[in-house]
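Asker: here is a sequence with its predicted model. Questions after.
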Amino acid sequence: MMLRSSIHPHDLPLFSEDLDLLSQVLDKVCDERGLVRTTPEAERIGAVIIQLYRQGVRDGGKLADLAKTYL
């Protein structure tokens, strides 16, 4: 009998390598927009980047491009 897991990708932990990539992407987007990372807009961008990552977008360039389209 096979057990079904109720764990969704958005429930999985983010590891150091994940956070490094997400931080680099956020830095890139903020630099291009002239934003300081501590602003509410930068925090929203960071949330979008994390959401996209958890949905399966793992390429830094694609994450940055998609995050910019949400702005």
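Answerer: Ah, there it is.

Asker: and the longest helix anywhere in the chain, what other elements does it pack with?
Answerer: Counting by DSSP state H, the longest helix found in the chain is helix 16-33. Where contact means 3 or more Cβ pairs under 8 Å, 6 or more residues apart in numbering; DSSP states H and E, helix 16-33 is packed against helix 40-54, helix 60-69. Every residue, glycine included, has its C-beta placed from N, CA and C.

Asker: list the buried residues for it?
Answerer: L21, L22, V25, L26, K28, V29, C30 (16 or more other Cβ atoms under 10 Å).

Asker: make JSON lines out of the residues you listed and add distance to R54.
Answerer: What follows is those, written out as JSON lines (distance: Cβ to Cβ, whole Å):
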{"residue": "L21", "distance to R54": "13"}
{"residue": "L22", "distance to R54": "10"}
{"residue": "V25", "distance to R54": "13"}
{"residue": "L26", "distance to R54": "15"}
{"residue": "K28", "distance to R54": "19"}
{"residue": "V29", "distance to R54": "17"}
{"residue": "C30", "distance to R54": "20"}
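
Asker: closest to K62 among those?
Answerer: V25 (9.4 Å; Cβ to Cβ).

Asker: quick one: residues contacting that closest one.
Answerer: Counting by Cβ atoms under 8 Å, 6 or more residues apart in numbering, V25 touches I49, G60, L63, A64, A67.

Asker: same check on D18?
Answerer: Y53.

Asker: how close does it get to I49?
Answerer: Applying Cβ to Cβ, to the nearest Å, the value for D18 to I49 is 11 Å.

Asker: how about G56?
Answerer: When G56 is compared with I49 (using Cβ to Cβ), they lie 13 Å apart.
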